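S.K.: fold the following and give me the result.
(chains A and B)
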Amino acid sequence: MSVMSAGTEARPSPWRAGLGRLAAGTALLTAVAMLPWLSGNDPALTVLRARSADQDPTPAQLAAVREQLGLDEGPFTHLAHWLGGLPRGDAGTSWVSGEAVLPQVTGAFAVSFTLMLGALVVTVAVAALASARTLYLGSRRRLHRGSGAIGVAVLAALPKFLLASLLATVCGVWLGWFPSSGWAGPASLVLPALALGVPSGAMIGGLLDQSLPAAFNEPWARTWHAYGYAPGRVAQHALRRALAGVLPQLLPTVVALVGGAVAVEKIFNIPGLGRLALDAAIAQDLPPLQTATLALILLGVVAGLLIQALRRALLGPALRDGALPAPHAPAASRGRFTRWAAVACGLVLLALVTAGLLRDPLHVDTAARLLPPSAAHPLGTDALGRDLLARLGHGALRTVGVALAVTAVCTLAGLLLGMAAQVGAGLTEVVSTMPAVLAGMLTTAVTGPSASGAALAVCLVGWTPYAAQAAALLEQERASGHMLASVSFGAGPGYLLRYHLLPAVLPGVLRNALLRLPTTVLVLASLGFLGLGEQPPTAEWGRLLSENQPYVELAPWTVLGPACALVLLSVLAVSATDAVAGRGPASVRTSRGSRGSDGKTFGRDTIPVIVSRSS
Amino acid sequence: MRSTSRGLLFALALTPLLTGCFVAGEEGSGSDANGGSAGRLRVALAVPPVQALSPYSNDATVLSKLSVAEGLTALDQNGAAAPALAKSWKQINPTSWTFELRKATFQDGTPVTAESVVDALDHANAAEPKPRVLSDVTLTAKADDADTVTISTKAADPVLPLRLASPALAVLAGKAYGKDGTVSPIGTGTGPFEITKLIGKSKVALDRYDGYWGGKAKAPGIDVTWIADGTARANALRGGDVDIAEWIPTAQAKLLDAKTRHEVPSVRTDSLVLNTGSGLFTDPALRAAAREAVDGSALVDSVFGGYADPAQGLFGPAVSWAADQRVQVTGRAKAATPTQVKAETKGETLRLATYTNRAELPEAATVLQQQLEKAGFTVKQDVREYTQMEADLLAGKYDALVFSRVTLLDTGDAVAYLASDYTSDGVYNIAGLKDSEVDRAIKSAAEEGDTTKRRQKIMAAEAEILRTDAVVPLVHEKVVQGIATDVEGVLLDPRERSLIDVDTHLK
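M.R.: Below is the predicted model of the structure:
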C-alpha cells in the first residue's frame, strides 16, 4: 500500500494511474455486459414486455425474441461484437426499438451534460454564498468563532426530488415563471438546475467553509496580514488553497448528476441520460445500457483528469516541490450557538421518536386519509390514514442505523482507496459517475432481492466522495514540509499515519460524510423498486418521502415531517461533531497543535513555506 | 499554469452555448394560409414510444389515439365492429369473410387497394414476434379484385371483424414496410392526421391530411409531447403548456380545475389474484377466507380518490353489456374462520406481491394486508418494478398478487383475457388455475359466433372463475383525462384507443 511509501513518492506515475482507470473501466463494462445473463430475469421476457405491455409471454414469442437478439450466443460474443463496432462509430442497435444506439446516447448525454453544467453554475453560486462569511472575516483576521455549519447542513439535507417537485409546482404552475416541464430552451434549464445545484452547492460550500479557517491559519496568511496586504488578496490565495482540497468533490457531487439525476429528469420530463440508462436497465436492453455506461466512464475519467489539472494549476509548484503545509484548522471555539443547535436538534428528534414509538405506524384507516396535523395526529396522516408521527418514530432507528452503517463502511473504504492513490484514482473516477441504480441492478443480479441489498449496493458506489477527498488531502499532506521532516527524522509508516495522514484527512472526510447522510437515506430508499431494502409497509424515512411525494401539493404535511426529520438529523450530526471537535481536549487536532507550537515534534509552523507565487 | 486554468474555465462556460442541445419545439409545417400554428392541438401522452411508433409494438395505440392509421374495421361505442377502411363485410362460411373497401388514399397519395390491404396483413403475420392480436389465429388475405379482400382463417374465428379493428393491423402504404422488418407510420397512414416528424421519445408533430376520406379534420395539426411522469403531465395542463393531458394520476386529479377533469370508466379491473397452484391458497377454504376478508370498496374513496367503481365482477361498467347479463356465482367454498386460518396456515406467511408501475397498487396492497391480517393471515409484502418480478409471478412464487389488468385486450373481445389468464394452458395464468369447469366454460364462449350468446357465455365463464376464488375483483378503475376548457370533441374511450379525431378542435 502506498502509505508505506508516503512522503517519499508524492505523485502516482501516470502509467500506473492510466492502467488503474483501464482496469476499473473494463471491469465495470464486463459486469454490465453480463447483467442480462446474471440477473435471473429472462432478457427475452423483459424486452418483450418493454415492446408491448400486453403481449402474451408464450414460449414461441420468447423464442422468437431470443433468436432475434441472439441471446443464446452468450455475453462474451455480444461484448466482442459491440466493442468491435465502436471504432466504426457503431454502438449496435437497441434490443427494444431496433434503432441505432449511438445517436440516442449522444443526444441524451448532451442533454444531461447541459443540465449538469447548469447545476454546476448553481452549485458554485451556492457554495460561494455558503463560504462568503468565512472568507470575508478570515481575510481580515476577524474569524474568532467558526461559522455555523447549520445553514449548509439544512440545505444539503433537502431531498433533490422534493425540491424539484416544489419548484415545478410553485415556479412552474402557480407563478408561471418557467416551464414546469420539458427541455425546449434555456428557460427549461433553470428549475432543474436549481433543484440539483442547491443541495450540491451546500455540500461543497460546507466543505469549503470548513477548510478555509485552516488556510487562514497558515503562517503566510498571518505574515501577509502583518505586512498589510489587501484582504482581497489574502482571500484569493486562501481560496486557492482551500479549493484544491474541495475540487475533487465536484466529480461525485456534480459531474455524477449526468447519469444520476433520474428523479429530477422524470419530474421535469427531461430526456436525459439517467432516464435512458434506467429504462435500458429495466428492459435489460444491453446495447444502450453498455453505451451509456461507457459514456459515463469516459466522462468520469475526463472530468477526473480535468479536476486534477485544475488542482495542479491552483496549488502550483508548491505541490511539486513538497512545500505545502497541510490545512489544519485552528482550534477555534465553535461557539455556543452550534452547541445549542446540536442539543436542540437532539432533543426535538428524541421527542419525535419517543412520541412516535408510542403509536402504531402500520394501522391503516382509509377514513382518516390525508388529515392535516391535529391533536390526534400531531404530524397529520398519509394517504392511507396512517399516523405520520408514528411512522417517523418507528422508522428512525432503522433509517439512521442503516445510513450510519453504510456511511461508516463507505468512509472506511474511501479512506483506504484514497490512500492507495495509484489504483484508487482510476477506480474513483470510474465509479463516481455510476448511478446507484446500476449498482442496485448488479447487486440484485448477484444476491437477488433482499433487505440488506440496498445497503450493499450503496456501499458499492458510495465511497467515491471520501476516496476523492482523502486522495486530494493526502497528496497535499505528503507534499508538506513537516512530512519530509518526519521522514528524515526516521518516522515509520505507522507514526506518519497516526500523526500526519489521518489527522490531515479525518476532519474533512467526517464533515463530508455527515453532510451526505441525508442523501444516503434517500438513495437507500430509491432502490426499493428493485426489491432491495426493507419491503413496505415498514416505516423508513426515505420511503416516507418517496411514497408521499405525489401528495406534496395536496397535503404538504405528508412530506414536511420526514423532510424536517432529515434536516434535524443532518444539523444534529454536523453541529454535534463540530461542537465536540471544537472543545474536546482529546481531539487529535488540538493535541497536535500544542505540541507543534512547542516545537517538540516536527511542527509544521517551524518550516517556512511558500503557498504559491502571486501572479 | 494560471492561463491554462482560465482557459479551461472559459471553455466550460462556453459549452452550454456550443452544445445547443435542447429539444426544439417543432411546430410541424403548420404555417399554411391560416397562419402559423394557430388551432393546433397540444397533447401530453403518457407512454413514450418504444419502437418508433411501429404498429407491432405498444406504440400502436398512439396511431389510433391520434387518428393516424386505420384498419379495415373500428370499434363503436358498444364495442361492436364498425366500418373503417372496409365499408362493409360479410361472412361467406365459418372460416372466410369478404371485405368491401371504400375509396381512400394513403397520406403519401397512393390509393388504398385490395393489394395494399393484403400486403399489410401479410407483414403483420410475418412480424417477429407476432402481434398479440394474431397470436391465437392464423389468417390469410387474398385480393379478389381492386376493392374486395377475402380473409380466411384456419379455424373458425367468430370475432374476426373485431380483431381487424386492432391498431396492430392498421393498413399502411407500401413504403412503410422496410426490408429489415421495421414499419414506419410516418406519412403512410390513411387517417385525418399525418405524422410529419418524430423526435426520439419526446415529441411528434402531426399535420392535417386533407385527402382523408371522412372529410377534413377541424384541427390543423397536433403537437404531441410524451411526459411519462403523471405529476408532470398534470402540471403541463395546469400551466397551460398543453391542451390535453391523458391519464392524470388519482393523487393529482383533485388539483385540476373541475372543468378540465373528465373521468372515463376504464376496462381495467384491479383484483387480488390468489395462487391456486402452490402455497397457502391451494386450500379453497383459505381462498374463501381471503375473499371474504378483502373489501375492494374500501379502496375506492381512499387509494383511488373516488376514481374507481367497487368491483361487480371481472368486467366493470366500461363493458356496457356485462351488468345486464351477469350470472350469480354459486357453489363457492365455505370460508375458514380467523381461528381456522391461523391453525391451517401454521404461521406460514402469505407472500403478497404487487408492483410499483401503477402508483395505486402498492397503497392498495397495504390496505389489503391489514384486511387479510384481520382474517388471521400473516402477511409479508413484496413490491417491485413489474419486469423485476414478472418471471417470478409466472413461476408461481407468490401466494397473492394485487394486479391491474385490461379485460378487453386488443381484440376488443373478452374471451382473449379469460383464456390467457384462467384456462389450464393459459400463458398468463398467474393464478395457476386448473379447473375443468372453467376451461369448458371459456372454450364454449370462444367458439360461439352469435354476439348475444357469446356475451352470455362470457358471463357464465366469469361466474365459473369467481366460484374458484382464484381471483377476487377489487375495483374497476376510472381514467382521468385532463382537457382544457377551450377544447371540444375529445373522445373519452374506455378502451383507451381513441382520443382525437376529425371533430376535435380548439374553440
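S.K.: identify the residue spatially nearest to residue A:93, adjacent ones excluded.
M.R.: residue A:100 (5.7 Å; Cβ to Cβ, 6 or more residues apart in numbering or on different chains). Quick note: C-beta positions are derived from backbone N, CA and C, even for glycine.
S.K.: also residue B:403?
M.R.: Using Cβ to Cβ, 6+ apart, the closest residue to residue B:403 is residue B:273 (4.9 Å).
S.K.: from chain A, how far off is that neighbour?
M.R.: 16 Å (Cβ to the nearest Cβ, to the nearest Å).
S.K.: report the distance from the host helix or strand of that residue to the chain centre.
M.R.: Here residue B:273, judged by DSSP states H and E, is contained in strand B:261-274. Here strand B:261-274 is found 11 Å from its chain centre; the criterion is Cα atoms, centre = their mean, to the nearest Å.
S.K.: could you do stretch B:121-140 as well?
M.R.: Per Cα atoms, centre = their mean, the centroid offset for stretch B:121-140 relative to its chain is 19 Å.
S.K.: what does it contact?
M.R.: Residues from elsewhere that reach stretch B:121-140, judged by Cβ atoms under 8 Å, 6 or more residues apart in numbering or on different chains: A:48, A:52, A:54-56, A:58, A:60-61, A:64-65, A:68, B:55-56, B:60, B:141, B:151-155, B:157, B:160, B:163, B:166, B:168-169, B:177, B:181, B:183, B:409-411, B:416, B:419.
S.K.: in strands, which of the residues you listed fall?
M.R.: Those of those mapping onto strands are B:141, B:151, B:152, B:153, per DSSP state E.
S.K.: of the residues you listed, which is the nearest to chain A?
M.R.: residue B:153 (18.2 Å; Cβ to the nearest Cβ).
S.K.: you'd agree the closest one is up against residue B:163?
M.R.: No. Using Cβ atoms under 8 Å as the test, residue B:153 is too far from residue B:163 to be in contact (9.3 Å).
S.K.: before we move on, the earlier item: adjacent strands (with direction) for the strand holding residue B:273?
M.R.: The sheet places strand B:261-274 alongside strand B:400-406 (antiparallel), strand B:471-483 (antiparallel), with pairing taken from DSSP bridges.
S.K.: what about the residue nearest to residue A:93, neighbour count?
M.R.: Using other Cβ atoms under 10 Å in any protein chain shown, residue A:100 is surrounded by 15 other residues.
S.K.: could you do residue B:339 as well?
M.R.: Other residues close to residue B:339 by other Cβ under 10 Å number 9.
S.K.: so it, which state does it fall into?
M.R.: helix (DSSP: H, G, I helix; E, B strand; the rest coil).
S.K.: how about it, nearest residue that isn't a chain neighbour?
M.R.: That would be residue B:376: by Cβ to Cβ, 6+ apart, it lies 6.9 Å from residue B:339.
S.K.: OK, contacts around that neighbour?
M.R.: Counting by Cβ under 8 Å, 6+ apart, the residues that residue B:376 touches are B:289, B:336, B:337, B:338, B:339, B:340, B:341, B:342, B:345.
S.K.: gap between the fifth one and residue B:289?
M.R.: Residue B:339 sits at a distance of 11 Å from residue B:289 (criterion: Cβ to Cβ, to the nearest Å).
S.K.: again, but for the third one
M.R.: Distance of residue B:337 to residue B:289, computed by Cβ to Cβ: 8 Å.
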